[in-house]
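Undergrad: When you get a sec, could you give me coordinates for this:
(chains A and B)
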Amino acid sequence: MTGRAASIAPHAARPRTRTRSEPAESTDTRTSRPWNVIVWDDPVNLMTYVVYVFQRLFGWDEQKATKHMLEVHTQGRSLVQSVDRERGEFFVTRLHGYGLQATLERADAG
Amino acid sequence: MARVVADAGGARRWTLHLPPLEARLVAGLPAQIERLLTHPEENRRVIERLFPPAYADAAEQTENQRLLGASLLEARRELLDVVRGQLAAATADAQGLQIALDEPGVDAFLRFVNDVRLVIATDLDIRSNLSERTLPPGHPDAPRHSLLVYLGGLEAVLLAAVTDGAAG
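TA: Numbers count the residues shown, from 1 in each chain, chains lettered A, B, ... in the order given. Now for the predicted structure:
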């Protein structure tokens, strides 16, 4: 069953330039980790497929990918990345491209 | 039953062997997704499953959709083109179809098969664990449910091949 984040705090207006290529990783620790990428449970995607996607997108080993897949399966969601907004949107778009349900929310959204 | 054979020599390349009946089934799938992408307004629920919201906040999601919607649709069309190319380049004989796949190719094929599964499952309104769902014989949804189960098996075979011996 697929859940959804309850709310996301509003944010200040910012320039929105979009690209399908991977953004450079930010080195500013103050601003680089305010957004969480959440993957939600889904009744259709195979467990092995989710592990495969995590390994492919995030470069994780099988153990870490399986741990997050099981979080999704048993808890309904898993926080898979805490990154800057642009990078978070990139990851969410890629996850959607693989058919996974993923959302982006502010890390301090509670 | 479909099987995947790793090419000799250690390169990460595979050949997907589809028996004739399965080959005909798979060959018809791109057209079904194409129709869906060409007429998204005709099945909003399925389209929303293929393109789920990135944000829970409605305003954020509207802005995200405005900025990215067209390119996301285009990316799905590009995926269809890749799979059509793979099917067109496949070798056909009395044994069925042999589809040569390199690593990006098997990734694209997997995403495509998974997309089809999501479309069928959404259409069938599957909301709980698929493996727990059973249909009585003669149920009108039985053919599509069988296709969904078959594609899950195909996906599993591909995943087993591509992850076998892969670096962690």
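Undergrad: if I look at the spatially most central residue of chain B, how far off is chain A?
TA: In chain B, the residue lying closest to the centroid (CA atoms, centre = their mean) is B:Val113, at 1.5 Å. Distance of B:Val113 to chain A, given as CB to the nearest CB, to the nearest Å: 9 Å. (C-beta placed from N, C-alpha, C; glycine too.)
Undergrad: Check B:Val162 too.
TA: Separation of B:Val162 from chain A (CB to the nearest CB): 7 Å.
Undergrad: got it, and B:Gly28?
TA: Relative to chain A, B:Gly28 is positioned 20 Å away (CB to the nearest CB).
Undergrad: Around residue 34, how many other residues sit close by?
TA: Since you didn't name a chain, this refers to chain A. 16 (other CB atoms under 10 Å in any protein chain shown).
Undergrad: um, chain B though
TA: The local packing of B:Glu34 (other CB under 10 Å) involves 15 other residues.
Undergrad: Quick check: nearest residue in space to it, chain neighbours excluded?
TA: Once flanking residues are discounted, B:Glu34 sits nearest to B:Leu80: 6.0 Å by CB to CB, 6 or more residues apart in numbering or on different chains.
Undergrad: which phi and psi does the one you found have?
TA: phi -60, psi -40 (degrees, to the nearest 10).
Undergrad: same thing with the one 3 residues further on?
TA: Torsion angles at B:Val83 (phi, psi; degrees, to the nearest 10) stand at phi -70, psi -40.
Undergrad: Tell me who's in contact with the residue nearest to it when sequence neighbours are not counted.
TA: Among residues not flanking B:Val83 along the chain, B:Phe112 sits closest, at 4.6 Å (CB to CB, 6+ apart). Residues in contact with B:Phe112 (CB atoms under 8 Å, 6 or more residues apart in numbering or on different chains) are B:29-30, B:33, B:79-80, B:82-83.
Undergrad: hang on, the earlier thing: just say helix, strand or coil for the residue nearest to the centre of chain B.
TA: Three-state call for B:Val113 (DSSP: H, G, I helix; E, B strand; the rest coil): helix.
Undergrad: my read: it touches B:Leu154, true?
TA: Yes. With contact defined as CB atoms under 8 Å, B:Val113 reaches B:Leu154; the gap is 5.9 Å.
Undergrad: Run through the residues of chain B sitting next to chain A.
TA: Those residues of chain B that sit near chain A, judged by CB under 8 Å from any CB of the partner chain, are B:50-57, B:59-60, B:63-64, B:67-68, B:71-72, B:75, B:107, B:110-111, B:114-115, B:117-118, B:121, B:126-130, B:152, B:155-156, B:159-160, B:162-163, B:166, B:168.
Undergrad: got a pLDDT number for the residue of chain B positioned farthest from its centre?
TA: Distance from the centre of chain B peaks at B:Ala59, with 30.8 Å (CA atoms, centre = their mean). You'll see B:Ala59 listed with a pLDDT of 92.
Undergrad: wait, is it part of a helix?
TA: Yes. Under three-state DSSP, B:Ala59 falls within a helix.
Undergrad: could you flag which of the residues of chain B next to chain A are buried?
TA: Among the residues of chain B next to chain A, those that count as buried by neighbour count (16 or more other CB atoms under 10 Å in any protein chain shown) are B:50-57, B:60, B:64, B:68, B:72, B:75, B:107, B:110-111, B:114-115, B:117-118, B:121, B:126, B:130, B:152, B:155, B:159, B:162.
Undergrad: Among those residues, which lie within helices?
TA: Counting by DSSP state H, those place B:50, B:60, B:64, B:68, B:72, B:75, B:107, B:110-111, B:114-115, B:117-118, B:121, B:152, B:155, B:159, B:162 in helices.
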